[in-house]
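In: 3D, please:
(4 chains)
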Number of protein chains: 2
Amino acid sequence: MTETARRLTRKGQATHDRIVAAAARLMLEQGVARTTIEDIQAAAGVSPSQLYHYFPGKDALVTAVIEHQTTQVLDVHQDCLQRLDTIDSLGRWRDVMVSILTEMQCVGGCPLGSLASDLSDSDPVARTQLAAAFARWQELIREGLADLQARGELASQADPAALAVAMLAAVQGGLLLSQVSRDPAPLRIAVDTMVDHLHALTRPAVP
Amino acid sequence: MTETARRLTRKGQATHDRIVAAAARLMLEQGVARTTIEDIQAAAGVSPSQLYHYFPGKDALVTAVIEHQTTQVLDVHQDCLQRLDTIDSLGRWRDVMVSILTEMQCVGGCPLGSLASDLSDSDPVARTQLAAAFARWQELIREGLADLQARGELASQADPAALAVAMLAAVQGGLLLSQVSRDPAPLRIAVDTMVDHLHALTRPAVP
DNA sequence: ATCAAATTGGAGTATCAACTCCAAAATCCG
DNA sequence: CGGATTTTGGAGTTGATACTCCAATTTGAT
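Out: Numbers count the residues shown, from 1 in each chain, chains lettered A, B, ... in the order given. Have a look, this model is predicted:
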């Protein structure tokens, strides 16, 4: 499996990574189908033969980009979601997401969500790969909520699995609405509302 | 504005509509960039000259498809969202969405959401058009919730505008997760969780 | 230093997609 | 019915895009 990877020189690895990074950025900003091999060549500063030396074709590049984005996204969210103290510490998680979105000026939306919407109905292999990525993401959230529940911070009758699905949906939907309106508010409101819901489940007494 | 439309023969109108319907279906199923003019010609059963007789180019076709899908979606949701009796009557709304998604075998996701994800960062005109469509959709939900609130079915301290944003995000995110996993459950869970939240806001006493 | 392997440059090809053009047929309106 | 207008058929053009090929250069292990 890594037999071919083993044959990569330091410089070769750098070129390989540069191509993936350029492809990932372009595919996020303009979609997979609108991103041409030539665009990627220009952005990565490589010649056609270099690109085809590292990737058999566009499909392989798409696969590599999905892997790349999956790693990027899950790393960030794992950092935020493990060792939550209270429900309110989800606020930092929300802040991270809103910050990243704002830095991008709401362009691109979610690196995984965009790919999913783009590829789910055109590329069955990519769909499966993305479904697995979302399952892992969902599991990260579920574990965070289960942790809170174990600490007594989240109501015992709450269902962390279902709440994780709803939370991830809020994130994805919020990102989409923010992307189309060029305003981070929908993402913030969607996540905050789900956090409110966790509070409401936990301390049912509202003034 | 309708001066050109007035010159359309009955047959011409039918051809025009057939082209838009075919384009809408194909763009939903495979994305805008992957849908070729030739695909649309074949699906609508028209020749190149016919298509270019009714639309100056692909851009105009995209505009027409956005309008078409906006009307379709808003009509369905207006039907469901006006004259809500209780919070639980949102269950019928959820059922309609889940049914439509199931009929499509989770292919395509949301007719507006897919277009938004596809076009937001490539076509500024389309983005504006879609942002307006989402604003109207959001307003439909807000009115439904405000109605419930006026009837005393929804807590008076609830903020219908914010809840409408969160609800629409749940719908969009749920549809995306359902699309990528080919399973209607995420949509159902996401919407149900938001409905639970409305209940939690309204009768805070939970056993 | 040396040689095999990895990497790179750049010209070239085959295919496909968007769009054009013009003449023929159907339609509408009086 | 008759003439102006709308609608349709289908071949053709232009440009872009994915991908190929081979020779030249660089790299790394010995």
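
In: From the rest of the structure, what touches the host helix or strand of A:Ala42?
Out: A:Ala42 belongs to helix A:37-44 when assigned by DSSP states H and E. Contact with helix A:37-44 is made by A:15, A:18-19, A:21-23, A:25-26, A:47-48, A:50-51, A:58, A:61, as judged by C-beta atoms under 8 Å, 6 or more residues apart in numbering or on different chains. Any C-beta I mention is one placed from the backbone N, CA and C, and that applies to glycine too.

In: one more time with 10 Å, if that's ok
Out: A:15-27, A:30, A:35-36, A:46-48, A:50-52, A:55, A:57-58, A:61, A:65 (C-beta atoms under 10 Å, 6 or more residues apart in numbering or on different chains).

In: Return the subset of the residues you listed lying in helices.
Out: Per DSSP state H, helices hold the following members of those: A:15-27, A:30, A:48, A:50-52, A:58, A:61, A:65.

In: how's chain A carved up into domains?
Out: Domains of chain A are assigned by automatic domain parsing as A:1-56, A:66-202.

In: Assign a three-state SS to the closest residue to A:Ala166 other than its chain neighbours, would you?
Out: In space, and not counting its chain neighbours, A:Ala166 is closest to B:Thr193: 3.6 Å by C-beta to C-beta, 6 or more residues apart in numbering or on different chains. With DSSP: H, G, I helix; E, B strand; the rest coil as the basis, B:Thr193 sits in helix.

In: Next secondary structure after the longest helix seen in chain A?
Out: Longest helix of chain A, by residue count under DSSP H: helix A:124-150. Next along the chain after helix A:124-150, taking DSSP H and E as the criterion, comes helix A:160-181.

In: What residues of that following helix count as buried?
Out: A:160, A:162-181 (16 or more other C-beta atoms under 10 Å in any protein chain shown).

In: Please work out the angle formed by the directions of it and helix B:124-150.
Out: 130 degrees (axes from the mean of the first three to the mean of the last three C-alpha atoms, to 10 degrees).

In: quick one: helix A:160-181 to chain centroid distance?
Out: 11 Å (C-alpha atoms, centre = their mean, to the nearest Å).

In: Ok, stretch A:76-88 next?
Out: So, by C-alpha atoms, centre = their mean, the centroid of stretch A:76-88 is 16 Å from its chain's centroid.

In: Do it and chain B come into contact?
Out: No. Stretch A:76-88 stays clear of chain B (C-beta under 10 Å from any C-beta of the partner chain), getting no nearer than 13.8 Å.

In: what is the rounded mean pLDDT of that stretch?
Out: When pLDDT is averaged along stretch A:76-88, the result is 95.

In: follow-up on the earlier one: hmm, the helix holding A:Ala42 in reach of DNA strand C?
Out: No. With C-beta under 7 Å from any atom of the strand as the criterion, DNA strand C is not reached by helix A:37-44; the gap is at least 9.1 Å.
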